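Asks: Structure for this input, please:
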Amino acid sequence: MDAVLDNRDVFVDGFMTTITLTLLAAMGALVLGTLIAAMRVSPAPPLRWVATGYVEVVRNTPLTVVFFLSVFGLPKVGVGTTFFRFSLIALTVYTASFVAEAVRSGVNSVASGQAEASRSIGMTFVKTLRLVVLPQAFRNIIPPLASVFIALLKNTSIASAFAVTEATQTMQGLINTNGQAVIWILSATALGYVALALTAGLLFSRLERTLTVSR
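Replies: Below is the predicted model:
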């Protein structure tokens, strides 16, 4: 237990990196995933084909492979940055495919008459989607989005294999120097992830209740 208490600042720094990586990737995935979902329900076939291809390929590719493509593939085409940013790109691109499917399901849950009524008064597809369909769709997909983003939180642990000092790599480093306290270090790390996941779940539950009341 002393190994955990004596290194609590190290634990905090590691989990702060995990939180930062999760929040930034979540925001990027939400924007990219929403754009891809809009393309999937677009009246233009080429946009639907591109978006469908993206979702099917990325969603069925192991996240570790996406990390390798980001960390080792992007430099081959002239993209150079930090391992943190490469990890952020990988997590954003991967998570966006799941966000896109959640948003698409939300769009499909909105009554078709809503879009038809908007088009009948001269609104374009983009304006209908932005002002009428998406606001209603997001209210319906809070639970699946919560699951996607909690999975993202846990997926950040893969960044530890690519020189990003987040919670899991911090755990590994402490185990290497405090092998006799491995159980305490593992338990503290697990509890940290559980606390973050439960907090995220509570925030999404509160958001869902707020949006339900505001209808």
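
Asks: switch to C-alpha atoms for all contacts and neighbour counts from now on
Replies: Noted.

Asks: quick one: pLDDT of Gly179?
Replies: Among the per-residue scores, Gly179 shows a pLDDT of 68.

Asks: ok, how many other residues are close to Asn176?
Replies: 12 (other C-alpha atoms under 10 Å).

Asks: Now do it against Ile158, distance only.
Replies: 18 Å (C-alpha to C-alpha, to the nearest Å).

Asks: do Ala181 as well
Replies: For Ala181, the distance to Ile158 - C-alpha to C-alpha - is 23 Å.

Asks: And for Pro135?
Replies: 33 Å.

Asks: Give me the more crowded residue out of those two.
Replies: Ile158 (18 against 14).

Asks: so is that one in a helix, a strand, or just coil?
Replies: helix (DSSP: H, G, I helix; E, B strand; the rest coil).

Asks: mind checking pLDDT for it?
Replies: For Ile158, the pLDDT comes out at 92.

Asks: And the one 4 residues further on, by the same measure?
Replies: As predicted, Phe162 sits at a pLDDT of 86.

Asks: Tell me who's in contact with it.
Replies: By C-alpha atoms under 8 Å, 6 or more residues apart in numbering, the contact list for Phe162 reads 71, 83, 87.

Asks: Which helix or strand contains the residue nearest to Leu35 when sequence neighbours are not counted?
Replies: Spatially, and ignoring its direct neighbours in sequence, Leu35 is nearest to Ala100 (7.7 Å; C-alpha to C-alpha, 6 or more residues apart in numbering). According to DSSP states H and E, Ala100 maps onto helix 83-109.

Asks: CA atoms only for the following helix or strand past that helix - export them in PDB, please.
Replies: Downstream of helix 83-109, the next assigned helix or strand under DSSP H and E is helix 112-120. Backbone C-alpha positions of helix 112-120 (Å, rounded to 0.1, in the frame of the first residue of the first chain) are rendered in PDB as follows:
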ATOM      1  CA  SER A 112     -39.800  10.400 -41.400                       C
ATOM      2  CA  GLY A 113     -42.600  12.900 -41.400                       C
ATOM      3  CA  GLN A 114     -40.300  15.400 -39.600                       C
ATOM      4  CA  ALA A 115     -37.800  15.500 -42.500                       C
ATOM      5  CA  GLU A 116     -40.700  15.500 -45.100                       C
ATOM      6  CA  ALA A 117     -42.300  18.500 -43.400                       C
ATOM      7  CA  SER A 118     -39.000  20.300 -43.400                       C
ATOM      8  CA  ARG A 119     -38.400  19.700 -47.100                       C
ATOM      9  CA  SER A 120     -42.000  20.800 -47.900                       C
END
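
Asks: in helix 112-120, what's buried?
Replies: Within helix 112-120, the residues that count as buried by 16 or more other C-alpha atoms under 10 Å are 115, 118.

Asks: Repeat that for stretch 53-63.
Replies: 54-55, 58-59, 63.

Asks: So for it, mean pLDDT?
Replies: On average, stretch 53-63 scores 94.

Asks: And stretch 117-126, by the same measure?
Replies: 77.

Asks: give me the low-pLDDT residue ranges for the protein?
Replies: Applying pLDDT under 70 to the chain picks out residues 1-7, 179, 212-215.

Asks: Going along the chain, name the helices of the protein.
Replies: Assignment of helices within the chain using DSSP state H yields the ranges 2-6, 8-40, 45-59, 63-68, 83-109, 112-120, 125-128, 134-140, 142-155, 167-177, 182-213.
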